[in-house]
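Chemist: Below are the sequence and a predicted model for it; my questions follow.
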Amino acid sequence: MLTSALELPRSSFYHKSDVQNKRDLETYQIVKEYHIKAKGKSGIRQLKMQIERSEGLILNHKRIARIKRKFKLETMIRRKNKYRFFAKKKHEHETCKNVLQRNFSQSKPDQVYSMDITEVRYNKKKAYIAAIKDLCSKEVIAKSVSNRINIELTNSAVDKAIKKLPESKRKSLMIHTDQGFHFTHISYRERLQKEGITQSMSRKGNCLDNAPIESFFGTLKDHLDFTDCKNIKDVEKEVTKQINYYNHRRPQLGLKKMPPSEYRRHLNF
């Protein structure tokens, strides 16, 4: 080689900045590919795990952050959305204790579910999503989508979740929610009581008591794309698509870098 003939060290022959720029450009091409796949909505940790799983390439999160800054790959950040709760009708509704007490770490699936409702907008209209999340596997067990925020929205999601469980497991299940209108309603309470399911509720006005499902909704909204949605059926298809991605393809750091469904299989449940 030329460096050997001239008896020069390679570090003196090549400009360090040129080598660094070449490495950065190679890394940029990889990061950019997964940034585009996620429509600019995946953060540094998510990009790192996706690249590791798909490419077998280990990239330091600081390096990814530097590449994103250098090449101006900006992550889209969701806007905070204020959710308005329904007023309670005292003669129809009743709250219960916070049995869960923020014990979000569960060792077995189908022991504790977290449930809530969120609002989304499409084509200048509103839609509502009720979802139920397993606190162990982090899977979204069931969901319901509607253009009406009525009792049927939540009761439908609960029915779907219950039907997936054998009767022998239902009595050991707890479902935790906030004190919203839907979860204090007599039809919801009686549905859980009939199956022997324990009901738990957050303290009034304390969203941190139900943080896991709130976190999921934030992630879901980062990925939802309602650009081509013209009606509620289109919205439901998009929600189903993104929940399937979340359950079966999106790795999570707290699940040994596995997607929720894979982590459940890992636990042998």
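Modeler: Good, I have the coordinates.
Chemist: what about R23, which SS state?
Modeler: Recorded secondary structure, R23: helix (DSSP: H, G, I helix; E, B strand; the rest coil).
Chemist: Confirm that T95 sits in a strand.
Modeler: No: inclusion of T95 in a strand is not indicated when three-state DSSP is applied; the result is coil.
Chemist: Report the contact partners of the closest residue in space to it that isn't next to it in sequence.
Modeler: Once flanking residues are discounted, T95 sits nearest to Q179: 5.2 Å by CB to CB, 6 or more residues apart in numbering. The C-beta positions use only the backbone N, C-alpha and C, and glycine is treated the same way. For Q179, the contact set (CB atoms under 8 Å, 6 or more residues apart in numbering) comprises K88, T95, M201, S202, K204.
Chemist: Let me know the pLDDT of the residue nearest the centre of the chain.
Modeler: When the chain is reduced to its mean C-alpha position, the nearest residue by CA atoms, centre = their mean turns out to be F216, at 3.4 Å. Here the pLDDT value assigned to F216 is 96.
Chemist: just the helices in the stretch 101-250 of the chain please.
Modeler: Here the stretch 101-250 of the chain has its helices, by DSSP state H, counting those that start in this stretch, at 151-164, 167-170, 181-184, 186-195, 211-223, 232-248.
Chemist: Pick the most buried one from the ones you listed.
Modeler: Most buried of the helices of the stretch 101-250 of the chain, by mean neighbour count (mean count of other CB atoms under 10 Å): helix 181-184, with a mean of 23.
Chemist: Return that helix as PDB; C-alpha atoms alone will do.
Modeler: Written as PDB, here are the backbone C-alpha positions of helix 181-184 (Å, rounded to 0.1, in the frame of the first residue of the first chain):
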ATOM      1  CA  PHE A 181     -68.500   8.200  33.300                       C
ATOM      2  CA  HIS A 182     -68.200   4.800  31.500                       C
ATOM      3  CA  PHE A 183     -66.500   3.000  34.300                       C
ATOM      4  CA  THR A 184     -68.800   4.100  37.000                       C
END
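Chemist: That one - contacts with which helices or strands?
Modeler: Helix 181-184 is packed against helix 151-164, strand 198-201, with contacts defined by 3 or more CB pairs under 8 Å, 6 or more residues apart in numbering; DSSP states H and E.
Chemist: tell me the angle the longest one makes with helix 186-195.
Modeler: Going back to what we said before, that points to helix 151-164. Angle, helix 151-164 to helix 186-195, by axes from the mean of the first three to the mean of the last three CA atoms, to 10 degrees: 10 degrees.
Chemist: which stretch among the helices of the stretch 101-250 of the chain comes nearest L25?
Modeler: Between L25 and those, the tightest spacing by CB to CB is seen for helix 211-223, at 27.7 Å.
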